[in-house]
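Student: Fold the following.
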Amino acid sequence: MAIKILYQRIANLLRTKLSRIQFMMLIATLVGLVSGMVAVLLKTLVHYLQQWIERIPVSHFAFLLFPTIGLLVTVFIIRYLFGGQIDKGIAMVLKAIARKSSFIPLKDTYAHVLTSSFTVGLGGSVGLEAPIVATGSAVGSNISRISDLNYQERTLLIACGAAAGISAVFNAPIAGVMFTIEVLLAETIVSYFIPLIISSVVGALCSKIILQEAFLFNFVLKQNFNYKNIPFYVLLGLLAGLISLYYARMFKFTERRVHGWKINGYIKAIVGGMLLLCLYFLFPPLFGEGYHSIKLLADGSLNTFDDNTSLLSKLGDHWGLLSFAALIVLFKPIAAAITIGSGGNGGNFAPSLFVGSYLGFFFSKLINSIPSIKIPEGNFTLIGMAGVLSGVMYCPLTAIFLIAEITNGYELFIPLMIVSSISFFIVKTYEPFSMETKKLAMDGEIFTHKKEKNILTSIQIDDIIQDKYESICIDKKLKDLVEIIKHSEKNIFAVHDNKGRFAGIIELNDVKQKLFQPERFDKISVKSLMRKPPEVLRRGEDANTVMQKFDATQSWYLPVLEEDKKFVGFISKTKLFSKYREILSSQGDLYDTE
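Tutor: Residues are numbered from 1 along each chain as shown. Got it, this is the predicted structure:
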C-alpha cells in the first residue's frame, strides 16, 4: 500500500511536469520493463524446472509422470490460492477490454506465472505465451489503474504489456507489436505504435540482457531462398491452412470433452496426466513446449526417432520417420487440449509452432523422396511454423515477423508471406473467428473488427437504464393514473399486476383525449388503457441486441425487466445514441490535446 501511494504521488508530480503524450511514453516504458521482467522470470522458472527434472535419476518411464505432478500442483494452486478459478489465456484479456473497461484483477499479474510454470515446466504439452500475454496485460491494466488513466489509455497499456511479454520470450520486438495489433486491438490508431514499440523494445532488452543464449529461441539459416521453390511453398500454405483447421477443431473437441468430465479436479488431473503419459510414451517429442525438437528439425539434426513400440521402425528409417512426423502433427493438438482441459494453464502459441515445424519437415522430406527434387528441409520447417501459427492464432503478420526475427534476417520473407497468407485465407474462409475467441465473439463478449458493434459491446445496459419511471397497478382507475401524471415529467408509464410483474405500458398520447373527460375518471380502468409494448428488454442483454430490437420495432422507448418479470425502467433510443456518440468521441488520437 505504501508503494502504491508513493507511486501515485510520483505519477501525479510527473503529470504536472509532462505533456499527456510524454507521460504515456514514460508509463509505457514502465509497463514494458515490468512485463519483460515477468516474462524473463517465467521463462527462467520453466528452464530450471526442466533442468531439475532432467537431473533426477529416474527411469525413462517414471520421467513421464512429471506432467501429472504438474497438473496436480496447478489444480492445487488454483483451488487454494485463487478460489478454484482463474480466467486463462488471450480470451480473458479480450473480454476485459470489451466488457470490463480494460480492468484486469491484480491477481492476474502473478496467477499465470505460478500456474503455468508448473504446468509447462513439468512437461505439459502447451506453451507459455498465452500466460505471458495474460500477465503482461494485467501488469499494464493495473499500472494504468493506479496511474488514474482513462479507458483508451488503459487499453493501450494492456497491449503494451502483452507486446513486451511476447517480445521478451522470443527476443522479437516487431512480432510483439504485430501480435497486439492483430490479436488484442480491434482498432488501432497510428499514435498507438510509438508506446507499443517502446514497450516491446524494453521487453526485448530484458530478454537480451538477462537470459542466456540457450534460453532464446533462434536459428541460423543454412540455405537461402530459391524462387524455384515457390510452387512448393504454395502447396505448403494450402496444407498449413487445412492442418490449422484440423488443429482448432480437434483441440476444442478434446478440451470440451476433458473439461466436461464430472469428476473431482484432482482425479481429472491424474486421468489427464495418465493420458499424456501414454501419448508421451508413443511420441516423446510431445513432452513440454517442444522447442528443443523444433531446433533439431530446423538444423537438420533429426534423422532418427524414438519408437518405443517398434511399430514404425518396421517401415524403415525414411518412411518410419515420415510417419512419425505425420502422427506428431495429428496428436499435438490432442495433447495440448488434454493439458488445458484437465486443469493445466498454458496456450496454443507454442503448440502451433511445434505442429508447423513438423508439418514443414514432413512436407519437405516427402517432396525430397521424389527423385531429382531437392528442397531445403530446414527452411520449410521454419516456414511451416509461420503457416500454422498464422492459421491457428489468426495472426499472419505476427507469424511472418516472428520467424524473420528469430532467423536474424529477412531472407525468407517472401515464402513467409506466401505461406502465412494462404493459410490464413483458408481458415478465415471456414471460421471467421479463432478457436479461442469464437464463442465470445458470437456472444458479443469481445470486440471484433466491426467498429459499430465494438462500441455497442462496450456499452453497459445498466448505465443507460432510466429507472425513475412511475408504475401503476393494473386494477387501478384512470383517476389514479391522472394523479401520477400530475406529478411526473414522463410521457410513458409501466403497468404491473397484483404480484408486481410487468403487464404493459401506457403512453400519454394514448389517454390524451380521456384526460378531458373527468366524469369518466372513476369508470375507466387502467387495464383498458394498457397495451403490450412492441418488445421488452431483459436485464443483462447486450447493447447490440437492444439496438436490434429498437430497429425492428421503430420504438423510442422499451421497458427493461428482471428475470422474474419485475419492471426495472425504460431505455430510450435517444439515451442509447447519446452514449454511442460519447464513446465514439472519446476514441481520439493519443496526440489530441485535452
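Student: okay, CA-based contacts and neighbour counts for the rest of this
Tutor: Will do.
Student: Domain-wise, how is the protein divided?
Tutor: In terms of domains, the chain is parsed into 2-215, 227-446, 456-586 (source: automatic domain parsing).
Student: what's the least confident stretch among those domains?
Tutor: Comparing the domains of the chain by mean pLDDT, the weakest confidence falls on domain 456-586, with a mean of 79.
Student: wait, isn't residue 287 in contact with residue 280?
Tutor: Yes. Counting by Cα atoms under 8 Å, residue 287 touches residue 280, with 6.0 Å between them.
Student: which element is residue 339 on?
Tutor: For residue 339, the host element (DSSP states H and E) is helix 317-341.
Student: Could you export whichever strand or helix holds residue 550 as CSV, CA atoms only?
Tutor: Mapping residue 550 onto the secondary structure by DSSP H and E places it in helix 543-553. Provided in CSV are the C-alpha atoms of helix 543-553 (Å, rounded to 0.1, in the frame of the first residue of the first chain):
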residue,chain,number,x,y,z
ALA,A,543,-26.4,-3.3,-26.4
ASN,A,544,-26.2,-4.9,-29.8
THR,A,545,-29.4,-6.9,-29.0
VAL,A,546,-31.0,-3.7,-27.7
MET,A,547,-30.2,-1.8,-30.8
GLN,A,548,-31.6,-4.6,-33.0
LYS,A,549,-34.9,-4.5,-31.0
PHE,A,550,-35.2,-0.7,-31.4
ASP,A,551,-34.6,-1.1,-35.2
ALA,A,552,-37.1,-3.9,-35.5
THR,A,553,-39.9,-2.1,-33.6
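Student: Just the CA trace of the helix or strand just after it, in CSV.
Tutor: Following the chain from helix 543-553 toward its C-terminal end, the next helix or strand by DSSP H and E is strand 557-561. What follows is strand 557-561, C-alpha atoms only, in CSV (Å, rounded to 0.1, in the frame of the first residue of the first chain):
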residue,chain,number,x,y,z
TYR,A,557,-38.8,3.6,-25.5
LEU,A,558,-38.6,-0.1,-24.5
PRO,A,559,-39.2,-1.5,-21.0
VAL,A,560,-36.5,-3.4,-19.1
LEU,A,561,-37.5,-6.4,-17.0
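Student: out of the domains of the chain, nearest to residue 221?
Tutor: Ranking the domains of the chain by proximity to residue 221 (Cα to Cα) places domain 227-446 first, at 6.4 Å.
Student: Give me the distance from the closest one to the chain's centre.
Tutor: The chain centroid and the centroid of domain 227-446 are separated by 19 Å under Cα atoms, centre = their mean, to the nearest Å.
Student: Number of residues surrounding residue 224?
Tutor: Per other Cα atoms under 10 Å, the neighbour tally for residue 224 reads 10.
Student: is it true that it lies in a helix?
Tutor: No. Under DSSP: H, G, I helix; E, B strand; the rest coil, residue 224 falls outside any helix and is assigned coil.
Student: Kindly list the main-chain dihedrals of it?
Tutor: Dihedral angles of residue 224 (phi, psi; degrees, to the nearest 10) stand at phi -80, psi 170.
Student: Could you check how far it is from residue 375?
Tutor: Here residue 224 is placed at a distance of 11 Å from residue 375 (Cα to Cα, to the nearest Å).
Student: now do residue 82
Tutor: Distance, residue 82 to residue 375, using Cα to Cα: 51 Å.
Student: Likewise for residue 283?
Tutor: Distance from residue 283 to residue 375, counting by Cα to Cα: 26 Å.
Student: So between the two, which is more surrounded?
Tutor: Set residue 283 next to residue 375 and count neighbours by other Cα under 10 Å: residue 283 wins out with 21 against 17.
Student: Export stretch 505-512 to CSV, keeping only CA atoms.
Tutor: Written as CSV, here are the backbone C-alpha positions of stretch 505-512 (Å, rounded to 0.1, in the frame of the first residue of the first chain):
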residue,chain,number,x,y,z
ILE,A,505,-47.4,0.2,-20.8
ILE,A,506,-49.5,3.4,-21.1
GLU,A,507,-48.3,6.3,-23.2
LEU,A,508,-49.6,9.8,-22.6
ASN,A,509,-50.8,10.1,-26.2
ASP,A,510,-53.0,7.0,-25.6
VAL,A,511,-55.0,8.8,-22.9
LYS,A,512,-54.8,12.4,-24.0
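Student: Next, the buried residues of that stretch.
Tutor: For stretch 505-512, burial by neighbour count (16 or more other Cα atoms under 10 Å) applies to 505, 506.
Student: for stretch 48-61, same thing?
Tutor: So stretch 48-61, judged by 16+ other Cα under 10 Å, has buried residues 49, 50.
Student: what do you get for stretch 367-376?
Tutor: 375, 376.
Student: Need the contact partners of it.
Tutor: Under the criterion Cα atoms under 8 Å, 6 or more residues apart in numbering, residues 223, 229, 364 lie in contact with stretch 367-376.
Student: Name the member of these with the most neighbours.
Tutor: residue 364 (23 neighbours).
Student: Please tell me I have it right and it contacts residue 382.
Tutor: No. The pair residue 364 / residue 382 is not scored as a contact, 11.1 Å apart, by Cα under 8 Å.
Student: Would you state the helices of the stretch 201-350 of the chain in chain order?
Tutor: 230-259, 265-282, 291-298, 317-341, 349-367 (DSSP state H, counting those that start in this stretch).
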